[in-house]
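Asker: just the structure for this:
(2 chains)
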Amino acid sequence: EPEVTQTPSHQVTQMGQEVILRCVPISNHLYFYWYRQILGQKVEFLVSFYNNEISEKSEIFDDQFSVERPDGSNFTLKIRSTKLEDSAMYFCASSYSFYSGNTIYFGEGSWLTVV
Amino acid sequence: GNSVTQMEGPVTLSEEAFLTINCTYTATGYPSLFWYVQYPGEGLQLLLKATKADDKGSNKGFEATYRKETTSFHLEKGSVQVSDSAVYFCALSNNNDMRFGAGTRLTVKP
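Answerer: The predicted model follows:
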């Protein structure tokens, strides 16, 4: 079964450093997302991406965050200058369409620890 | 706006017990409803979904029925197993917006 893959599975970084989280969405999917889950808290939407541009973003997705689809298969989330409160599990997801009944498929997550 | 409220955990059950995790939603129009599961150390996986009123989603012995009159999508399983121990998230998709509940941690003891 096709799946969304994410790397790295776990990264530890120092505060202020830049981090890039990578994702390979399902190959025929057109919509891509990043969500995050701070330990023990709910899953929060960060951003959605379609046709090489951001479709929607939440208030969490401020200027220190950026997303990019550098080639036909990867979808990246960059955090320019990490803060302690960026420590979370980051989930990449993809879907074929924005139709509300369409399933969004999630990767296994990248656990980011900022120290 | 769109929102999901699910019962707070944690929930601890013995093996073969009956499980219900309540989920209610607020939305305009006709949202689709989902249950996702997160096993320890893993990512989110779709468990089941329902896209219109009165639909029943089912998978791995779990069921949930989309009740528009009560705006609910409660998750049930007749006989839980130790391997069902996980965090369960109710979610709603509506107008290009997906919202998750806070998650309910289920622990099943042998």
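
Asker: so what does the helix or strand where B:V87 lies touch, helix or strand wise?
Answerer: If you go by DSSP states H and E, B:V87 is part of strand B:86-94. If you count contacts as 3 or more CB pairs under 8 Å, 6 or more residues apart in numbering or on different chains; DSSP states H and E, strand B:86-94 packs onto strand B:3-6, strand B:23-26, strand B:32-38, strand B:97-100, strand B:104-109. All C-beta atoms are positioned from the backbone trio N, CA, C, and that covers glycine.

Asker: tell me which of those strands is the most buried.
Answerer: Among the helices and strands packed on strand B:86-94, ranked by average contacts under mean count of other CB atoms under 10 Å in any protein chain shown, first place goes to strand B:32-38 (a mean of 25).

Asker: neighbouring strands - and their directions - for it?
Answerer: strand B:44-50 (antiparallel), strand B:86-94 (antiparallel) (DSSP bridges).

Asker: okay, those strands in CSV with mean pLDDT and mean neighbour count next?
Answerer: What follows is the strands paired with strand B:32-38, written out as CSV (pLDDT from 0 to 100; neighbours: other CB atoms under 10 Å in any protein chain shown):
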stretch, mean pLDDT, mean neighbour count
strand B:44-50, 91, 20
strand B:86-94, 91, 23
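
Asker: okay, the ones you listed in CSV with distance to B:F34 next?
Answerer: Supplementary listing: the strands paired with strand B:32-38 in CSV, determined by distance: least, CB to CB, whole Å:
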stretch, distance to B:F34
strand B:44-50, 5
strand B:86-94, 4
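
Asker: looking at chain A, which helix or strand is least sure?
Answerer: Across the helices and strands of chain A, mean confidence by mean pLDDT, DSSP states H and E is lowest for strand A:105-106: a mean of 87.

Asker: is chain B contacted by that strand?
Answerer: Yes - figure legend: strand A:105-106 in contact with chain B (CB under 8 Å from any CB of the partner chain); contacting residues A:Y105, A:F106.

Asker: list the contacts of A:T76.
Answerer: A:I20, A:L21, A:R22, A:C23, A:V67, A:E68, A:R69, A:P70 (CB atoms under 8 Å, 6 or more residues apart in numbering or on different chains).

Asker: so which of these belong to strands?
Answerer: Among those, the members falling in strands (DSSP state E) are A:I20, A:L21, A:R22, A:C23, A:V67, A:E68.

Asker: wait, is A:E85 part of a strand?
Answerer: No - for A:E85, which was evaluated using DSSP: H, G, I helix; E, B strand; the rest coil, the result is helix, with no strand membership.

Asker: contacting residues for it?
Answerer: Applying CB under 8 Å, 6+ apart to A:E85 gives the contacts A:I38, A:V114.

Asker: how close does it sit to chain B?
Answerer: Remark: distance between A:E85 and chain B (CB to the nearest CB, to the nearest Å) = 19 Å.

Asker: tell me the secondary structure for the residue positioned nearest the centre of chain A?
Answerer: To find the centre residue of chain A, average its C-alpha atoms and take the closest one (CA atoms, centre = their mean): that gives A:W34, at 3.0 Å. Of the three states, A:W34 takes strand under three-state DSSP.

Asker: quick check: beta-bridge partners of it?
Answerer: Using DSSP bridges, the beta-bridge partners of A:W34 come out as A:V47, A:C92.
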